[in-house]
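Asks: Only the shape, not the letters, is given here:
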């Protein structure tokens, strides 16, 4: 189990992944404990519409871990969209643990697609995420300013 924040270019309060449990060339598994101090958390818990960010940050941790093995720093990536997102309940309950699994299905010149799943109690949240990681982060950030 590894601290996921070392692999993603985020800082608190925008961190939604606690631990990177397992990773290889094809997939990554992360966990998050639902706590009141998480951004967007409400009395009922963390709204499940945040699932897209949990999945995206797990993709980021996956990419960051792969880069780390090559001596690279975490890089900024962009979430382009999602398809087929299923949200069977409105909230993740405080104190519960969610497990996020992302599997790369396509990657070409920085454009990628990932099949994602969140396991929460007896529920499975699924989605397909499209992402983009530019070859040169500094150049891309300069264009956005």
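Replies: Everything's here; your move. The structure presented is a predicted model; accordingly, all values stated were derived computationally and were not measured.
Asks: And the longest strand seen in the chain, what's buried?
Replies: Secondary structure of the chain per DSSP state E: the longest strand is strand 97-108. Of all the residues in strand 97-108, those buried under the rule 16 or more other C-beta atoms under 10 Å are 98, 100-102, 104. For every residue, glycine as well, the C-beta is placed using N, CA and C.
Asks: and the end-to-end length of stretch 70-87?
Replies: In stretch 70-87, first residue to last residue: 36 Å (C-alpha to C-alpha, to the nearest Å).
Asks: Quick check: mean pLDDT of it?
Replies: Summarised as a single mean, pLDDT over stretch 70-87 is 87.
Asks: Per-residue confidence at residue 49, what does it come out as?
Replies: Reported pLDDT for residue 49: 96.
Asks: Could you give the number of residues near it?
Replies: 12 (other C-beta atoms under 10 Å).
Asks: That one in helix, strand or coil?
Replies: helix (DSSP: H, G, I helix; E, B strand; the rest coil).
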